[in-house]
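Can you look at this prediction? I've put the sequence above it.
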Amino acid sequence: MEKLKNPQLAIPVVLMAGIFWSFGPYVVRNIDEANTVPWQYLFTRGMVIFILLNLYLYMEEGIEFISNYKKIGVSGIIGSCGLAAAMITFIWSITNTSAAITLLCLAAMPFITALLGFLFLKETISINVWVAIGIATIGIIIMAIGNNEKNTFFGFVLGIVSAVGFSVFSVSLRWRKETPKFTTVALAGLICLLVSLIVIINKDLSIFSSSKNQALFAVHGTIVCLGMILYAIASKNIPAAELTLLSLTEVIGGIFWVWLPWLGINEVPQTNTIIGGFLIFLAIFYYSLIIKSNRRFIALN
């Protein structure tokens, strides 16, 4: 694993990773009739993630990277399934509601992760963290109340499910810290590929979409991988508290790109979404402040 020679570069590198990820919703919004080709999207995106991450591991570790798959264990399989479920529900969420709602649901991941850690790993949750979880929950409820249309509410629910899937992945890494994380993500891409292929065959669908859509599917998979590699290189130099705040660049950027009229989407969030999102941001900021004393470093390897 490459390390930054200058630790001061860690913050801008992680910010750049978040910016890469933030373009995902904009890419999805440019897909032609995205709600009609979710399985083709998941097939191609999963394949790209699986191939690129394995290529990266090969360049880092040589042919020995294959042995990482033997080290995954039960925790890695659970984490891969959770991440694959998050990837699958993400595309269904964002094609049935606004990008802002989907991204703000994902912004609640730190609190969902804390709750899952409390339930399954017996990790303690302080009163301050419960306060942050309460604030975020109020924000989520406000967003749900403001999105009572059938498809929009369906997208909101899937956004929450996607956040839970990502949180399952995070908790699986805490459960067994020696689990090879990049390999777990690559396996999640493979699971997406296989599940999508099974659905495509059963429904007698075309494996591939238009050339434009296929290019966008691949672009999304590529920016996910590039963001992860940058994040991995820099994350060993940044404590958990700072990473929590820096990860907001993905959410803020994702909402901004699909709103910016110059880029052709001009998707304006509803008032309830803005209010609920503000409360989630407030909760994350407060959460980051109260764990400031935790100098634990988080890293993907």
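Noted; the coordinates are in hand.

Quick check: mean pLDDT of the helix or strand encompassing Leu190?
Using DSSP states H and E, Leu190 maps to helix 181-202. Helix 181-202 shows a mean pLDDT of 95.

Kindly report the same for stretch 53-63.
Mean predicted confidence for stretch 53-63 is 92.

Next: stretch 162-178.
86.

Tell me the buried residues in it?
162-175 (16 or more other Cβ atoms under 10 Å). All C-beta spots, glycine's among them, are computed from the backbone N, C-alpha and C.

again with stretch 109-129
Counting neighbours by 16+ other Cβ under 10 Å, stretch 109-129 gives Met109, Pro110, Phe111, Ile112, Thr113, Ala114, Leu115, Leu116, Gly117, Phe118, Val129 as buried.

what residues does it touch?
The contact list for stretch 109-129, computed with Cβ atoms under 8 Å, 6 or more residues apart in numbering, reads 132-133, 136-137, 163-164, 166-168, 170-171, 174-175, 244, 283-284, 286-287, 290-291.

so how far is stretch 64-73 off the chain centroid?
Averaging C-alpha positions (Cα atoms, centre = their mean, to the nearest Å) puts stretch 64-73 23 Å from its chain's average.

Stretch 14-21 too?
What separates the centre of stretch 14-21 from the centre of its chain is 12 Å, taken as Cα atoms, centre = their mean.

and the next element down the chain from the worst-scoring helix or strand of the chain on mean pLDDT?
Here the helix or strand of the chain ranked lowest by mean pLDDT, DSSP states H and E is helix 240-246, holding a mean of 59. Using DSSP H and E, the helix or strand that follows helix 240-246 in sequence is helix 248-259.

Pull out the CA atoms of that following helix and give them to me as CSV.
Written as CSV, here are the backbone C-alpha positions of helix 248-259 (Å, rounded to 0.1, in the frame of the first residue of the first chain):
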residue,chain,number,x,y,z
LEU,A,248,-19.3,15.2,3.6
THR,A,249,-17.7,16.3,0.3
GLU,A,250,-19.3,13.4,-1.4
VAL,A,251,-22.8,14.4,-0.2
ILE,A,252,-22.4,18.1,-0.7
GLY,A,253,-20.8,17.8,-4.0
GLY,A,254,-23.3,15.2,-5.3
ILE,A,255,-26.2,17.5,-4.4
PHE,A,256,-24.4,20.5,-6.0
TRP,A,257,-23.5,18.9,-9.3
VAL,A,258,-27.1,17.8,-10.0
TRP,A,259,-28.4,21.2,-9.0
